[in-house]
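Asker: Here is my input, please return the structure:
(one chain, ligands or ions: 1)
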Amino acid sequence: MKPASGPGVEAPGTYIDERRLPYPFCPGCGHGRILDALNAALVRTRRDPRRVVIVTDIGCVGLSDQYFLTNGLHGLHGRSVTYATGIKLADPDLTVIVLMGDGGCGIGANHLVHAARRNVGIAVLVFNNFNFGMTGGQQSPLTPPGSVTSSTPAGNPEFPMDVCATVAVNGAAFAARTSAFDPALSDLIYEAITTDGFALVDIWELCTAYFVPNNRFSRQALEQALKQTGLPAGAVARRTRTEYTRALRDQAPSPGGAPIRAIEPRYKSALAGPRSIILAGAAGQKVRSAASVLGRAAVMSGLYATQRDDYPVTVMTGHSISEVIVSPQPIGYTGIPAPDVLVVLAREGVPRARRLACGMGPEGRLYVERSLVPQFSAGTKARVHVLSTERLGKRSTGLAAVALIAEQERLVPVEALEEAARDGHRGVEEEMVRAIAARKLLVQ
Ligand code: SF4
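Answerer: Numbering: from 1, shown residues only. Below is the predicted model of the structure:
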């Protein structure tokens, strides 16, 4: 973990974005108490807020990340642990905290088990108010037996999942149970977020909109229930195990076992700002390979690069679309609502490309295969360049087009493309270099 006390970084006195307060929860809801305790724990860590990621699950708890001055991610119901695992795998030095409700805890129980088993270094705080609050107070897998909810009006007939025991038996480094009223709550949260491994705190709290009125529940009832259920409170598991994401890097630096090699910048790009490029073609045109050559060449030229691909599940049929951003500055968002450059190589790519072309302005560049031009004659303000692909083999089209736009749009030097093709494509290097050389055929 990176301390906040590095050059240019002050340890903040609060991690809450106070301009956004008050919290939006119902009066008396326990969520605010837990967020305050999380804030107090974060202040103790003194961690750079830019190195902290709060991942929220769906439900009222999902409103929480926007109140923190950290990074935030809000995704699908029950999947927050999977996002957190991915973030931690990408950068094991980040502090990654998941905020989820008891409903999401049930929906994503499978993910909890496997994150605990692997000992992924994330901290999961379960905002456990015994029902799905946001959707009207339905029973969750953590609802105590006998409780009245909107889906169990005669009382919950089920036995609840013991989430602490579940993760503990599967290898969690830390598991604890407490209530939102516990004065030591922030200490337990602090221990969870500083544990070098998987940590979970099951925090019992009040949903004043549904569970409280349906069950004549109260703070006293909650504290009594915590004592009477027989479920252990406080720290339930503490163990030292190797943290997964770091161990994975140490053990297998790359899937083939070969050490990861940094791409050294050897070329120069004239780009002053980001450029977004979308290649819309067909399976077999090597669209994705061409995009990856462009990205690699960009990194070789001192740029940042991202790539996203879209293709159907079928093989060698249907569309193949790649989105690439190259930029001299770090790229914060990888989506491309309207590209700077759109290249349309085959009819399979036309439906998506036509929608994109409509959103392009006069500064946009639209490179279109000759036979497809009539489909773009209206509805775009972008400047149109015609490409002739008939003198190229299908497998060469994508890379030849990338080489052409790299040259014409001054993205990266052609030499960088050639080296990128040789570097990352064993067995087809010479075919790819020939495709780059054939770029001029596209405009003859
Ligand atoms: S519905 Fe329940 S969980 Fe949601 S904000 Fe209101 S009290 Fe809190």
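Asker: which residues touch the residue in the stretch 101-250 of the chain that the ligand sits nearest to?
Answerer: Going by Cβ to the nearest ligand atom, the ligand is nearest to residue 133 of the stretch 101-250 of the chain, at 2.9 Å. C-beta: built from backbone N, CA, C; applies to glycine. By Cβ atoms under 8 Å, 6 or more residues apart in numbering, the contact set of residue 133 is 29, 59, 60, 101, 207, 209, 210, 211.
Asker: For the residue lying closest to residue 182 once chain neighbours are set aside, report the pLDDT, please.
Answerer: Of all residues not flanking residue 182 in the chain, residue 188 sits nearest, at 7.6 Å (Cβ to Cβ, 6 or more residues apart in numbering). We have a pLDDT of 98 for residue 188.
Asker: Ok, residue 430 next?
Answerer: Note on residue 430: pLDDT of 89.
Asker: Next: residue 256.
Answerer: 54.
Asker: Next: the one 5 residues further on.
Answerer: Model confidence at residue 261, expressed as pLDDT, equals 73.
Asker: How many residues are close by it?
Answerer: Residue 261 has 9 neighbouring residues, counting by other Cβ atoms under 10 Å.
Asker: Contact partners for it?
Answerer: Residues near residue 261 by Cβ under 8 Å, 6+ apart: none.
Asker: what's the answer for residue 318, then?
Answerer: By Cβ under 8 Å, 6+ apart, the residues touching residue 318 are 282, 283, 311, 312, 348.
Asker: Against the ligand, how distant is the residue lying closest to the fourth one once chain neighbours are set aside?
Answerer: Which is residue 312. Closest residue to residue 312 apart from its sequence neighbours, by Cβ to Cβ, 6+ apart: residue 318 at 4.1 Å. Shown here: residue 318 relative to the ligand, a distance of 44 Å by Cβ to the nearest ligand atom, to the nearest Å.
Asker: Against residue 262, how distant is residue 318?
Answerer: Going from residue 318 to residue 262 by Cβ to Cβ, to the nearest Å gives 35 Å.
Asker: Next: residue 208.
Answerer: Plainly put, residue 208 is 53 Å away from residue 262 if you go by Cβ to Cβ.
Asker: quick revisit: most neighbours of all the contacts of residue 133, which one?
Answerer: In terms of neighbour count, residue 101 stands highest of the contacts of residue 133 at 32 neighbours, by other Cβ under 10 Å.
Asker: Apart from its neighbours in sequence, what residue is nearest residue 21?
Answerer: That would be residue 67: by Cβ to Cβ, 6+ apart, it lies 7.0 Å from residue 21.
Asker: contacting residues for the one you found?
Answerer: Each residue near residue 67 by Cβ under 8 Å, 6+ apart is listed here: 16, 17, 20, 21, 23, 35.
Asker: Got phi/psi on it?
Answerer: Main-chain torsions, residue 67, degrees, to the nearest 10: phi -90, psi 0.
Asker: One more: residue 351?
Answerer: Main-chain dihedrals, residue 351, degrees, to the nearest 10: phi -60, psi -50.
Asker: Around the ligand, pick out the residues from the protein.
Answerer: 25, 26, 29, 31, 60, 129, 133, 134, 207, 208, 209, 210 (Cβ under 6 Å from any ligand atom).
Asker: Give me the three-state assignment for the closest residue to the second one other than its chain neighbours.
Answerer: Right, the one you point to is residue 26. Leaving aside its sequence neighbours, residue 26 sits nearest to residue 209 (Cβ to Cβ, 6+ apart; 4.7 Å). Applying DSSP: H, G, I helix; E, B strand; the rest coil to residue 209 yields a three-state assignment of coil.
Asker: Identify the residues contacting residue 209.
Answerer: By Cβ under 8 Å, 6+ apart, the contact set of residue 209 is 26, 29, 133, 137.
Asker: what's the farthest-apart pair in those?
Answerer: For the contacts of residue 209, the farthest-apart pair by Cβ to Cβ is 29 and 137; their separation is 12.5 Å.
Asker: Mutual contacts of those two, please.
Answerer: Residues touching both residue 29 and residue 137 (Cβ under 8 Å, 6+ apart): 207, 209.
Asker: which regions of the chain lie under the pLDDT threshold?
Answerer: Applying pLDDT under 70 to the chain flags residues 1-10, 252-260, 424.
Asker: Can you tell me which residue is spatially central in it?
Answerer: The residue lying closest to the centre of the chain (Cα atoms, centre = their mean) is residue 83, at 5.4 Å.
Asker: That one falls within a strand, correct?
Answerer: No: using three-state DSSP, the secondary structure at residue 83 is helix, not a strand.
Asker: Residue 391 and residue 156, how far apart?
Answerer: Computed as Cβ to Cβ, the residue 391 to residue 156 distance reads 71 Å.
Asker: which one of those two has more residues nearby?
Answerer: In this view residue 391 and residue 156 are compared by other Cβ under 10 Å, and residue 156 has more residues nearby, 20 against 11.
Asker: ok, residue 44 touching residue 191?
Answerer: No: between residue 44 and residue 191 there is no contact under Cβ atoms under 8 Å: 10.4 Å.
Asker: Among these two, which residue is more densely surrounded?
Answerer: Remark: of residue 44 and residue 191, residue 191 carries more neighbours, 18 against 15, as counted by other Cβ under 10 Å.
Asker: Can you show me the helices along the stretch 101-250 of the chain?
Answerer: Assigned by DSSP state H, counting those that start in this stretch, the stretch 101-250 of the chain shows helices spanning 102-107, 109-118, 163-169, 185-194, 211-215, 219-228, 244-251.
Asker: Residues contacting the shortest one, please?
Answerer: Counting by Cβ under 8 Å, 6+ apart, the neighbours of helix 211-215 from elsewhere in the structure are 28, 129-131, 133, 137, 147-150, 206, 217-218, 221.
Asker: cutoff 7 Å now
Answerer: Helix 211-215 has contacts (Cβ atoms under 7 Å, 6 or more residues apart in numbering) with 129, 130, 131, 137, 147, 148, 149, 206, 217.
Asker: out of the contacts of residue 67, who has the most neighbours?
Answerer: Of all the contacts of residue 67, residue 35 has the most neighbours under the rule other Cβ under 10 Å, reaching 25 neighbours.
Asker: Confirm for me that that residue is in contact with residue 64.
Answerer: Yes: at 5.7 Å, residue 35 counts as touching residue 64 under the criterion of Cβ atoms under 7 Å.
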